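Novice: Model the structure of this input:
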Amino acid sequence: MESRYLKTLVTAIDTGSFSQTAKKLNITQSAVSQRIKTMEEHYGLQLFDRSGSSLVPTEAGLIVLETAREILMLEQKLNEKLLRIGCNTGLSVCCTPAFGITHLPSIVKNYMADFSANTDFEFSFKTPEDAISGLQKNMYDIAAIEHLPELDLSSFSTLSLPQQEMVIISSPYLNLPEGMLKISDLLPHTFYIRTEGCSCRHLLERNLTRLDSDLGNFKNIITSDDLHLIVRSVTDSDSISFVSRSLADKLATEKVRQHYVEGFEHRRMLTIVRRPNNALCPAVATFMKGAQDYFETLESTNLK
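Specialist: Reported below is the predicted structural model:
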């Protein structure tokens, strides 16, 4: 018996409806009925009791169901083994620095616990565009990036994660009030910014343009790719920066103040990206699931 017939039977019993089975399998309801009829003719037994208002499997139907599940599971395992041919035993991840500092350590810890057979783990910090370029060249298995919506990810498989909130952080020496500020409140101060290619800089420049301003209007501009240095510099001197709130919470002391700016967009996207052909590589699948579980736990914790 072909697996598509077995899958139709399993789905029909699980949903209790031929119409719902048709929707789930993306076929017509008449096709569902014909497949069940073909199975009943093949086995010479009625598989469903159609006398009532709901779809109920007969004793024969339940026996076929039990074996059908086993066959479909074996077929799935076979397909997975075949698709895993050529998969690396290790894992190479490229991520943006903010993701690497804020989230990656916890995800890697869970990954190593769940996939103990693998000890070859590599990671790199790159801009979103460089991470995607490396993925296209098969330099990495996975890219984890914060980015703006216009970044084209259509040729990849993606896992969208909660959007990342961006805030202005300021030195306590500046005595700027917590909460909402105007752009004019920021211009008299030294601004630590990331280098070109970082999504937070792109978002900052877009926000400034929206408010008819630019980086040249600030007292001083200091450019650095060292996020630890940026946050510590803001903490210890009279300066400001634009960083993810999760990064500020992780690296900054309680003395650093966080602000929003009137007219600013304060969110950017966070996505894990992979090549479509490596979905069932064990290392990739374990990392993707671990990342999803981590953010679901993080989100539920923040809601409490």
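Novice: Please enumerate the strands of the stretch 201-304 of the chain.
Specialist: Secondary structure of the stretch 201-304 of the chain, counting by DSSP state E, counting those that start in this stretch: strands at 220-223, 239-244, 257-261, 267-274.
Novice: Out of those strands, which gets nearest to K37?
Specialist: K37 lies closest to strand 267-274 among those, at 41.5 Å (Cβ to Cβ). All C-beta spots, glycine's among them, are computed from the backbone N, C-alpha and C.
Novice: Which of the residues in that closest one are classified as buried?
Specialist: Applying a neighbour-count criterion of 16 or more other Cβ atoms under 10 Å, the buried positions in strand 267-274 are R268, M269, L270, T271, I272, V273, R274.
Novice: Could you do stretch 227-245 as well?
Specialist: Across stretch 227-245, burial judged by 16+ other Cβ under 10 Å covers 227, 230-231, 233-235, 239-245.
Novice: Select, out of the strands of the stretch 201-304 of the chain, the one closest to L211.
Specialist: Distances from L211 to each of the strands of the stretch 201-304 of the chain were compared using Cβ to Cβ; the minimum, 8.2 Å, belongs to strand 257-261.
Novice: Give me the mean pLDDT for the closest one.
Specialist: Taken as a whole, strand 257-261 has a mean pLDDT of 93.
Novice: Which strands or helices does that strand pack on?
Specialist: Applying 3 or more Cβ pairs under 8 Å, 6 or more residues apart in numbering; DSSP states H and E, we find strand 257-261 packed against strand 157-170, strand 179-181.
Novice: a markdown table for those strands, including mean neighbour count, mean pLDDT and distance to L72?
Specialist: Formatted as a markdown table, the entries for the helices and strands packed on strand 257-261 read as follows, by neighbours: other Cβ atoms under 10 Å; pLDDT from 0 to 100; distance: least, Cβ to Cβ, whole Å:
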| stretch | mean neighbour count | mean pLDDT | distance to L72 |
| --- | --- | --- | --- |
| strand 157-170 | 19 | 92 | 23 |
| strand 179-181 | 13 | 91 | 56 |
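Novice: out of these, nearest to D49?
Specialist: Distance to D49, taken as Cβ to Cβ, is lowest for strand 157-170 among the helices and strands packed on strand 257-261, at 42.0 Å.
Novice: who does that closest one touch, helix- and strand-wise?
Specialist: Counting contacts by 3+ Cβ pairs under 8 Å, 6+ apart, strand 157-170 packs against helix 227-236, strand 239-244, helix 245-251, strand 257-261, strand 267-274, helix 282-303.
Novice: what would those look like in a markdown table with distance to S106?
Specialist: Listed next are the helices and strands packed on strand 157-170 as a markdown table, based on distance: least, Cβ to Cβ, whole Å:
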| stretch | distance to S106 |
| --- | --- |
| helix 227-236 | 17 |
| strand 239-244 | 15 |
| helix 245-251 | 11 |
| strand 257-261 | 22 |
| strand 267-274 | 14 |
| helix 282-303 | 6 |
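Novice: between the ones you listed, which gets nearest to P188?
Specialist: Among the helices and strands packed on strand 157-170, strand 239-244 comes nearest to P188, with 10.0 Å by Cβ to Cβ.
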